[in-house]
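A.B. asks: Build me a model from this:
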Amino acid sequence: MLVDVNVTIYTDGAAKGNPGPGGYGTILMSGVHSKELSGGYVLTTNNRMELLAVIIGLEALKKEPCNVTIFSDSQYVVDAVEKNWVQSWYRNDFKKKKNKDLWIRYLNVAQKHSIKFVWVKGHNGNIYNERCDRLAVQAAESSNLKEDTWYIQNVSNEENIL
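C.D. replies: Sure thing, here's the model as predicted:
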């Protein structure tokens, strides 16, 4: 894969209650260019928002392939990718694993790029991680929340949350 575009992505997810209203924040940077993305959902989980922040960042890339470094404070996301757990989950059709829909979406977009994950400690003064956190929290608290349809249809009913 010939890669000539370097991109840095910072991500964070938040949920007010777990499950509860949630949001994601993503910052993309390449050279002198940067872009902030965020969105919120009525009923979701923190892990879903952490993973969605990564997906939204990758889906926003206009060129393929890119050399992408993703900074996340989510051990769930970073370990799943860097330790190849998600590949094993995929081979087993995500049996007894959560967030199948988002992991499949991640795998589809990730194959277009060369990606490296870096775990950063949350709430530890990293300006980009802190900014992503603010974006995610603001999105979760906004009045313009979407429905996390897959979560509502596939998980919340099983757990009798609604």
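A.B. asks: how many other residues sit next to residue 32?
C.D. replies: Counted with other C-beta atoms under 10 Å, residues neighbouring residue 32 total 5. C-beta: built from backbone N, CA, C; applies to glycine.
A.B. asks: gap between it and residue 108?
C.D. replies: Here the criterion is C-beta to C-beta, to the nearest Å. By it, residue 32 lies 30 Å from residue 108.
A.B. asks: list the buried ones in the helix or strand containing residue 24?
C.D. replies: Element membership for residue 24 (DSSP states H and E) is strand 20-30. Across strand 20-30, burial judged by 16 or more other C-beta atoms under 10 Å covers 20-28, 30.
A.B. asks: One more: stretch 54-65?
C.D. replies: In terms of neighbour count (16+ other C-beta under 10 Å), stretch 54-65 has its buried residues at 54-58, 61, 65.
A.B. asks: Output those residues as a markdown table; include the columns pLDDT and distance to residue 91.
C.D. replies: Converted to a markdown table, these look like this (pLDDT from 0 to 100; distance: C-beta to C-beta, whole Å):
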| residue | pLDDT | distance to residue 91 |
| --- | --- | --- |
| 54 | 98 | 21 |
| 55 | 98 | 20 |
| 56 | 98 | 26 |
| 57 | 98 | 26 |
| 58 | 98 | 22 |
| 61 | 97 | 27 |
| 65 | 94 | 24 |
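A.B. asks: Quick one: find the helix or strand in the protein with the lowest mean pLDDT.
C.D. replies: Least confident helix or strand, the chain: helix 149-151 with a mean of 92, by mean pLDDT, DSSP states H and E.
A.B. asks: which residue ranges form the helices in this structure?
C.D. replies: Taking DSSP state H to define them, one finds helices in the chain at 46-59, 75-82, 85-91, 100-110, 127-141, 149-151.
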